[in-house]
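>>> what would the 3D arrangement of this be:
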Amino acid sequence: DFLRSKAAADASLAASALDWVILRPSVIWGRTATGGTALVRMLSAFPAIQPIMLASARVQTVDIDDVCAAVVAGVEGELPCGTDVDLVEAAPLT
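You can find the predicted model right below:
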């Protein structure tokens, strides 16, 4: 539901007359981030047993500081209007 609503909002924004930049972060990694990062931190707390599900799945993360820098760059006009920016690390990891 979240991804569908974000895609609809992104499409509406792109079709508008506004100046816009769309940021698309992947799994945000950081001490204060929630969601996927919180799950990884929780799993790392298992002392002896590591549950491994989808071990071969590929994921590209992005550091929370990089997301913050991209937001600032967008607000300050350092990113060209009318661009979509995928915020991900260079290479996917398992």
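
>>> please count neighbours and contacts with C-alpha atoms only from this point.
Will do.

>>> which stretches of the chain form strands?
In the chain, the segments counted as strands under DSSP state E are 21-25, 27-29, 61-63, 83-87.

>>> need these in TSV (columns: mean neighbour count).
Converted to TSV, those look like this (neighbours: other C-alpha atoms under 10 Å):
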stretch	mean neighbour count
strand 21-25	17
strand 27-29	21
strand 61-63	19
strand 83-87	15
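
>>> lowest average confidence, helix or strand, in the protein?
Ranked by mean pLDDT, DSSP states H and E, the helix or strand of the chain with the weakest confidence is helix 36-44, at a mean of 69.

>>> gap between residue 12 and residue 45?
For residue 12, the distance to residue 45 equals 42 Å [C-alpha to C-alpha, to the nearest Å].

>>> max-length helix in the chain?
Of all the elements of type helix in the chain, the one with the most residues (DSSP state H) is helix 2-15.

>>> give me the residues contacting stretch 81-92.
By C-alpha atoms under 8 Å, 6 or more residues apart in numbering, the list of residues contacting stretch 81-92 from outside reads 14, 19-26, 58-62, 66-67.

>>> closest to residue 80 out of those residues?
In terms of C-alpha to C-alpha, no member of the contacts of stretch 81-92 lies closer to residue 80 than residue 21, at 7.3 Å.

>>> hmm, which two among the contacts of stretch 81-92 are most spread apart?
Spatial extent of these (C-alpha to C-alpha) is set by the pair 19 and 58 at 33.6 Å.

>>> residue ranges with poor pLDDT in the chain?
Applying pLDDT under 70 to the chain flags the ranges 33-41, 43, 47-51.

>>> look up how far residue 44 lies from the residue positioned nearest the centre of it.
Residue closest to the mean C-alpha point of the chain, counted by C-alpha atoms, centre = their mean, is residue 25 at 2.2 Å. With distances taken as C-alpha to C-alpha, residue 25 is found 23 Å from residue 44.
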